[in-house]
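In: After the sequence you'll find the predicted model.
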Amino acid sequence: MTFIDERPEVARMVRLNFTISFGALLVGGLFGMIQALHRTDVFRGFVNSQDYYTVLTGHGVLLALFFTTFFLSGLFTWGVSRSLDEPLPNATATKGWFTLMFSGATIAALTVLGGFVPSMPFKADVLFTFYAPLQAHPLFYVGLAMFLVGSWLSGLDWFRMYRSWNKKNPDKRVPLQTFMALTTMLMWYISTMGVAVEVLFFLLPWSLGIIDTVDPLLTRTLFWFFGHPVVYFWLMPAYFVWYTILPKLSGGRLFSDPLARVVFLLFLILSTPVGYHHQYLDPGIPSGFKFVAMTNTMFLLLPSLLTAFTVVASMEHGARQRGGKGYLGWLRALPWDNPAFSGSALAGLMFAAGGFSGMINAGMNINYLVHNSTWVPGHFHLTVGTATALTFMSISYWLWPQVTGKRLQHRRLAMVQPYVWFVGMTLMSNALHRGGLAGIPRRTAEPQYNNVNFETMVGSVGELRLQIGIGAILLFTSLFMFLLVMTGTWLVDRRGSIAVDGHIPAPLSGPNDSPTILDNFRVWVVLAIVLVIIAYGIPLSSMVIDGPLSPGSPPIVPV
Amino acid sequence: MKIHRFEKAWLAVSLLLIVGFIATVTYGAVGEGIEMIGDEGEEVDPTKLNEHPKFGDPGVEKTGPNEYAVYVVASQFQFTPGSFGNPIRVPTDANVTFYVTTKDVIHGFDVAGTNLNTMAIPGQVAEVTVRFDEPGEYGILCNEYCGSGHHGMEGKLVAVPKSQYEGGDGE
């Protein structure tokens, strides 16, 4: 039986969340292409250089916050309900958090788009990071706050489903998909405290004129308290797919359930006390605490390295089940023509490359060279821009039929789509990395400066720009192909079999091979909070003790 | 807990890699003396920089034998000194400490292609000491979005051979 027939009300929520996510993907992706063409001087006819920053804000907010979070909500709603075999705890509550998230996202997005219309009083040309004292319209902060609270409540749904299941199955291990969703949300609750305090106690009252000044270093620090864990909030649903679905698509089953649990717990513990690695070059933060954040960051490599092992081992197991032979020959036996598989696997491959450039970012001293250069967007377009985005798109080829009950349409288009993304991102990301080494800054509308002559070690800056431009066009093409497949599938009538098998086989090494303490969330939350206090306690309190609003900055609204 | 022997080997190699990374960063900090920007700098009132003894009239000054201080104020959309035909002039082969702050929003102070790169945050003073081994002209960029004119915020730094160096900016 298909998921939509088993749980129609859950399938409906998944569809709603995915639809909003895909809408954000379309607009945010279009903005990405406009931006890439503009700043490389390949084509500058869409916007002028002032409006470039409105486009950049829209690209960041729509993709990094809305595309990712709505997809996560849909995916986890499906995964928790499926793995526990539980209905939604309360349909009204579910509609409530969805409506709150959707209204918040709409309000925030409209204030961003207001930047294009000179007569619009609502503007938010403050980028995805909204650093004070640049100030957006109060509605931008209101929208963000509503969105955030909605995402908290979505997690509450999954905890309630877990509690109801736990009453019926007191002695069973938490199913892996639910375990992953819950640990992700626990991490989210801890880390979003930073941005919640920033927005509700400082930026919102400041934008309403209730307080005159804010301390830019304090609000920026609160942002990064949330700003690094948020990247794991993007990534953990991709890991969820790689661990629980990809092995099956490869033709086998997950290699190790216990290790998957350890990996998610490591993310819960280590994601937050690392935020200072985004502030290595900030004055006002003791360098000793930057060192602590650096070591935590390096240890945060561990769960990703473990994932690389488990995912590849599971794929190899699947390939051998399909008749694959040899040391590397098994790779040929994988279903490369199934886009749900190929996209997730290529996303994993690109994530490995992104992991290595991330290790360089994390190296405190070398960060002087790459900080705020195009190296950084080069890095995160491999992580959130591919590991997350491509995994989300490709797993939709498998999941969308199950929640719509319709057979996937335009299969040829779907089959090539992940490869187009892979080629486009290879061009764009490598050029951005190399441009960063040549000293080209990120977040700027102009390709050239009067006083600086960017020089590359090999090739030329012109060649890099062309690669970025072509890459961006390919990426948008790929994204558009994906949306055509989704829309086409949605529009056909339900008829016959969906040709997708939603069954997920048990892992080779099951949960009973691991100690039950892994499932004791309380222990890990306490440990996570202790680490946060060690990393943040002293520097944050020293910023607050001298007056939470001082040294104070009055608002500056970008024009 | 059951862990496959290949997994154990991978785990060991991963931990070795991580410890190795931490060791190289530590060596860079301790062995090579690459210090991170920290909290040495004072706090200032960004709205009253004009009254500040140094940032009120920013520029280069000699602070000791072969030691110089450079005070820079970033603002929308310029560096003072640095922008608009007023380059920062410093000698080569001397210890030059930069003190960078901003009177409005967050900016970046990035001497392109070098590792002289810091954030300028309202209320904080970034303090960083460097040596220029080679004479030459360097471009300065703002590398943090600071408003609609951000892409025009740039400046110039000239490293003058020590023997020919006379004084601060504009001399």
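Out: It's in.

In: any chance you could map the helices in chain B?
Out: Listed in chain order, the helices of chain B (DSSP state H) span residues B:5-26.

In: Tell me which stretches of it form strands.
Out: Counting by DSSP state E, the segments of chain B that form strands are B:60-64, B:67-75, B:78-80, B:88-91, B:95-102, B:107-111, B:117-120, B:126-130, B:136-141, B:154-160.

In: Tabulate these (TSV), appending mean pLDDT and mean neighbour count.
Out: For the C-beta atoms, the positions are set from N, CA and C on the backbone; glycine is no exception. Converted to TSV, these look like this (pLDDT from 0 to 100; neighbours: other CB atoms under 10 Å in any protein chain shown):
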stretch	mean pLDDT	mean neighbour count
strand B:60-64	94	14
strand B:67-75	97	23
strand B:78-80	97	23
strand B:88-91	96	24
strand B:95-102	97	24
strand B:107-111	96	27
strand B:117-120	96	27
strand B:126-130	95	20
strand B:136-141	94	20
strand B:154-160	96	22
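
In: how far does stretch B:41-59 stretch from start to finish?
Out: Between the opening and closing residues of stretch B:41-59 we find a distance of 17 Å, counting by CA to CA, to the nearest Å.

In: quick check, distance from that stretch to the centre of its chain.
Out: A distance of 17 Å separates the C-alpha centroid of stretch B:41-59 from that of its chain, computed with CA atoms, centre = their mean, to the nearest Å.

In: Next: stretch B:6-25.
Out: Relative to its parent chain, stretch B:6-25 has a centroid offset of 32 Å by CA atoms, centre = their mean.

In: In the stretch 301-450 of chain A, mark out all the helices, start to finish.
Out: Using DSSP state H, counting those that start in this stretch, the helices of the stretch 301-450 of chain A run over residues A:301-321, A:339-362, A:367-370, A:375-382, A:389-404, A:411-437.

In: what distance separates the third one from the centre of its chain?
Out: The reference is to helix A:367-370. 24 Å.

In: any residue of it up close to chain B?
Out: Yes. Counting by CB under 8 Å from any CB of the partner chain, chain B has neighbours in helix A:367-370: A:Tyr368, A:Leu369.

In: cool, the first one as well?
Out: Yes. Contact between helix A:301-321 and chain B, assessed by CB under 8 Å from any CB, occurs at A:Leu301, A:Leu302, A:Leu305, A:Leu306, A:Phe309, A:Thr310, A:Ala313.

In: For my notes, please list these in JSON lines and give pLDDT and neighbour count for each entry.
Out: Output for the residues of helix A:301-321 next to chain B, formatted as JSON lines (pLDDT from 0 to 100; neighbours: other CB under 10 Å):
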{"residue": "A:Leu301", "pLDDT": "93", "neighbour count": "20"}
{"residue": "A:Leu302", "pLDDT": "94", "neighbour count": "19"}
{"residue": "A:Leu305", "pLDDT": "93", "neighbour count": "18"}
{"residue": "A:Leu306", "pLDDT": "92", "neighbour count": "20"}
{"residue": "A:Phe309", "pLDDT": "91", "neighbour count": "20"}
{"residue": "A:Thr310", "pLDDT": "89", "neighbour count": "25"}
{"residue": "A:Ala313", "pLDDT": "92", "neighbour count": "21"}
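
In: show me what contacts the residue nearest to B:Tyr165 when sequence neighbours are not counted?
Out: Distance criterion CB to CB, 6 or more residues apart in numbering or on different chains; nearest residue to B:Tyr165, sequence neighbours excluded, is B:Pro91 at 3.7 Å. With contact set as CB atoms under 8 Å, 6 or more residues apart in numbering or on different chains, B:Pro91 has these partners: B:Tyr68, B:Phe132, B:Ala159, B:Val160, B:Pro161, B:Lys162, B:Tyr165.

In: from those residues, which is closest to chain A?
Out: B:Ala159 (13.8 Å; CB to the nearest CB).

In: Show me what that closest one is bridged to.
Out: In this structure, B:Ala159 has beta-bridge partners B:Val90, B:Gly136, where bridges are defined by DSSP bridges.

In: Got the confidence number for the spatially closest residue to A:Arg7 that is not a sequence neighbour?
Out: Setting aside the residues directly before and after it, A:Arg7 is nearest to A:Ser81 in space (CB to CB, 6+ apart), at 5.8 Å. If you check A:Ser81, the pLDDT there is 98.

In: likewise the one 10 residues further on?
Out: In this model, A:Ala91 is scored at 93, pLDDT.

In: ok now do it, which residues does it touch?
Out: Shown in contact with A:Ala91 (CB under 8 Å, 6+ apart): A:Glu9.

In: Also B:Gln124?
Out: Applying CB under 8 Å, 6+ apart to B:Gln124 gives the contacts A:Leu217, A:Asp282, A:Pro283, A:Gly284, A:Pro551, B:Gly41, B:Glu43, B:Val44, B:Thr101.

In: And for A:Asp215?
Out: Taking CB under 8 Å, 6+ apart, we find A:Asp215 in contact with A:Met543, A:Gly547, A:Pro548, A:Leu549, A:Ser550, A:Pro551, A:Gly552, A:Ser553, B:Gly123.

In: Check the gap between the last one and A:Asn372 for me.
Out: Applying CB to CB, to the nearest Å, one obtains 20 Å for the distance of B:Gly123 from A:Asn372.
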